[in-house]
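Chemist: Provide a 3D model corresponding to the input given below.
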Amino acid sequence: MSKAIFILLFLTFLLFPTSSYAQGTKWGSNCVSKTDSTVPTIQGFECLFTNVLQVIVTAVGIAFFVMFIVGGFQYMRSNNDPKAVAAASSTLTYAVIGVVGVIVSWLILLFIEQFTGVKVTEFKIPS
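Modeler: Numbering: from 1, shown residues only. So this is what the prediction gives:
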């Protein structure tokens, strides 16, 4: 029964395709030309850098969460086995060290910004 439903859904998607709207929306801000919204400008690297940074921060958060959950399950399944407890402890330790490292690096950038007055946390290309 489930195979028939899968085949029916698959054929439905093949017979009735939908638009993805990937290029349907107009870009704004300084990432594209003011006169023609299809022409990117050099300031488009600002948008690219911002988007990549958002993906990296999200990936770090997800990786921390997954490692924390895996370490917790390792602890629960260890049954007081010293090797298993050590493996779970190291997994949790590395997860916390990774998140602390990301936070400390951001705080160092903020300290440099406050100390020197240079905006090191913003990526701007002069117009």
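
Chemist: Mind giving me the packing neighbours of the host helix or strand of residue 71?
Modeler: Counting by DSSP states H and E, the element that carries residue 71 is helix 44-77. On a contact count with 3 or more CB pairs under 8 Å, 6 or more residues apart in numbering; DSSP states H and E, helix 44-77 meets helix 82-116. Quick note: C-beta positions are derived from backbone N, CA and C, even for glycine.

Chemist: Counting neighbours, which bits of the helix it packs on end up buried?
Modeler: 88, 91, 92, 95, 99 (16 or more other CB atoms under 10 Å).

Chemist: nearest to residue 35, of those?
Modeler: Comparing the buried residues of helix 82-116 against residue 35 with CB to CB picks out residue 99 as the nearest, at 44.9 Å.

Chemist: That closest one contacts residue 67, correct?
Modeler: No. Applying CB atoms under 8 Å, one finds residue 99 not in contact with residue 67, separated by 9.2 Å.

Chemist: what's the offset of the helix holding residue 71 from the middle of its chain?
Modeler: Its chain's C-alpha centre and that of helix 44-77 lie 6 Å apart, by CA atoms, centre = their mean, to the nearest Å.

Chemist: That one relative to helix 82-116, how many degrees between them?
Modeler: With axes from the mean of the first three to the mean of the last three CA atoms, to 10 degrees applied, the angle from helix 44-77 to helix 82-116 works out at 150 degrees.

Chemist: buried sites along helix 44-77?
Modeler: Neighbour-count burial for helix 44-77 [16+ other CB under 10 Å]: 44, 46, 47, 64, 67, 71, 74.

Chemist: Confidence-wise, which helix or strand of this structure is lowest on average?
Modeler: One helix or strand of the chain scores below all others by mean pLDDT, DSSP states H and E: helix 2-15, with a mean of 64.

Chemist: And the pLDDT for residue 61?
Modeler: The score at residue 61 is 86. That number is its pLDDT.

Chemist: and if you look at the one 4 residues further on?
Modeler: In this model, residue 65 is scored at 89, pLDDT.

Chemist: With residue 86 instead?
Modeler: Looking at residue 86, the pLDDT reads 93.
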